[in-house]
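> only the shape, not the letters, is given here:
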Ligand code: NAD
């Protein structure tokens, strides 16, 4: 007899693979689905289906009965080098929207009443994020909508999709807006990596006294959440009686220049920053954690340095493995 069950869509990805590990640790029976297996470690899932969730027949096959928990993390996504250049806009909207429509529709057919959906801080209006020292990312500030990327627009419409299923079909879907999640086993090279991983890689590859290239002037601000705390917030929200949308992010805001300095300190290197043109996104972004604290009685609290130390060490190991 299977006990509590979970379906993780996007289980081959960065956050999905960590989530599967956590659910297995808690004793759930887990089915993972993705286009690919996890890149760096074997999946902990009981069953892993390689399949394309844009396909209705694949969705019908993997959502074949009731699951106690469904986590919908599958998306066509990447860091600034992927979502802000404009070159992938049509794919990003088409692929992610099709996945979300399919997962919502087939879950309802199977009488699944709760899906967790991973939205993003990218839904927040660009006009509230022009001041790097004072961005407004309060959940209620999402409208009038003006995300700065098609990725953000798709996330916003899919939030509305899952909320509409709550209203019209009696579901109890949950929505989180993740803010820059980072940690071991995430993309760290190849174009889809995000700032912390890219900076760790560049610092690890540089010799002390050398140079590091940074996109833009480095004065743009962000906050970064270590993946373990993201998973903690995700499972807490999924099992709570609050539907969201709610931010899951850190509120320790730093400039990209400061992030580089922090990684250099961890590595024990001194590097000269060379600022070059590149996609940078909004000028400032920070997680506003008042709502999550009010509704869940919990908020992320780990310092950025601790997560960066673990991530730097992991990326250094990947580089050594590659060189061997
Ligand atoms: P990721 O790219 O590592 O994981 C997404 C996974 O979805 C990938 O493994 C990919 O293969 C899979 N996928 C894509 N298209 C698919 C398809 N058609 N069928 C089946 N699987 C498919 O990204 P992640 O960082 O783990 O992000 C997980 C979720 O969280 C995504 O929805 C992302 O938009 C959201 N999010 C992430 C961050 C972050 O900082 N990492 C921030 C905001 C929101």
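Cool, the structure landed. Because the structure is predicted, anything quoted here is derived from the model rather than measured.
> now residue 93: closest residue in space that isn't a chain neighbour?
With sequence-adjacent residues excluded and distances taken as C-beta to C-beta, 6 or more residues apart in numbering, residue 93 is closest to residue 154, at 4.9 Å. Just so you know, the C-beta spots here come from the backbone N, C-alpha and C atoms, and that holds for glycine as well.
> show me the contacts for the one you found.
92-93, 96-97 (C-beta atoms under 8 Å, 6 or more residues apart in numbering).
> got it, and residue 63?
7, 70, 103, 106-107, 109-110, 112.
> wait, does the worst-scoring helix or strand of the chain on mean pLDDT make contact with the ligand?
In the chain, no helix or strand scores lower on mean pLDDT, DSSP states H and E than helix 80-83, which sits at a mean of 81. No: using C-beta under 6 Å from any ligand atom, helix 80-83 never reaches the ligand; the gap is at least 9.2 Å.
> just the residues contacting that helix, thanks.
77, 88, 92, 122, 149-151, 191-195, 215, 278-281.
> now the helix or strand hosting the residue nearest to residue 93, how far from the chain's geometric center?
Assigned by DSSP states H and E, residue 154 belongs to helix 150-169. Here helix 150-169 is found 17 Å from its chain centre; the criterion is C-alpha atoms, centre = their mean, to the nearest Å.
> ok, now stretch 15-32?
Worked out by C-alpha atoms, centre = their mean, stretch 15-32 lies 16 Å from the chain centre.
> tell me which residues of that stretch are tucked away?
15-24, 28-32 (16 or more other C-beta atoms under 10 Å).
> about what we covered before: next helix or strand past the least confident helix or strand of the chain?
Following helix 80-83 toward the C-terminus (DSSP H and E): helix 89-109.
> for the helix or strand following that next one, the distance to its chain's centre please.
As assigned by DSSP H and E, the chain's next helix or strand after helix 89-109 is strand 115-120. With C-alpha atoms, centre = their mean as the basis, strand 115-120 stands 9 Å off its chain's centre.
> got the contact list for strand 115-120?
Under C-beta under 8 Å, 6+ apart, the answer for strand 115-120 is 15, 69-73, 75, 100, 103-104, 107, 151-152, 155-156, 158-159, 162, 171, 173-179, 234, 237-238, 245.
> contact partners for residue 141?
124-125, 128 are the contacts of residue 141 under C-beta under 8 Å, 6+ apart.
> between the residues you listed, which is closest to the ligand?
residue 124 (11.4 Å; C-beta to the nearest ligand atom).
> which among the contacts of helix 80-83 end up buried?
Buried among those (16+ other C-beta under 10 Å): 77, 88, 92, 122, 149-151, 192-195, 215, 280-281.
> residue 324: which of the residues you listed is nearest?
Nearest to residue 324, judged by C-beta to C-beta, of these is residue 193 at 21.1 Å.
> surely the closest one touches residue 185?
No: taking contacts as C-beta atoms under 8 Å, residue 193 lies outside contact range of residue 185: 12.0 Å.
> for burial, what's the neighbour tally of residue 208?
Per other C-beta atoms under 10 Å, the neighbour tally for residue 208 reads 11.
> repeat that for residue 143.
So residue 143, with other C-beta under 10 Å, has 9 neighbours.
> ok, it - contacts?
residue 125.
> low-confidence ranges in the chain?
1 (pLDDT under 70).
> give me the domain ranges for it.
5-181+224-248, 183-223+252-286+303-323 (automatic domain parsing).
> and those domains, which is most packed in?
Ranked by mean neighbour count, the domains of the chain are led by domain 5-181+224-248 with a mean of 19 (mean count of other C-beta atoms under 10 Å).
> residue 201 touches residue 317, doesn't it?
No: Residue 201 is beyond contact range of residue 317, at 11.8 Å (criterion: C-beta under 8 Å).
> any bit of stretch 30-46 sitting next to the ligand?
Yes: judged by C-beta under 6 Å from any ligand atom, stretch 30-46 comes into contact with the ligand at 34-36.
> will you turn the domains of the chain into JSON lines that also has distance to residue 296?
JSON lines is the format used below for the domains of the chain (distance: least, C-beta to C-beta, whole Å):
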{"stretch": "domain 5-181+224-248", "distance to residue 296": "5"}
{"stretch": "domain 183-223+252-286+303-323", "distance to residue 296": "18"}
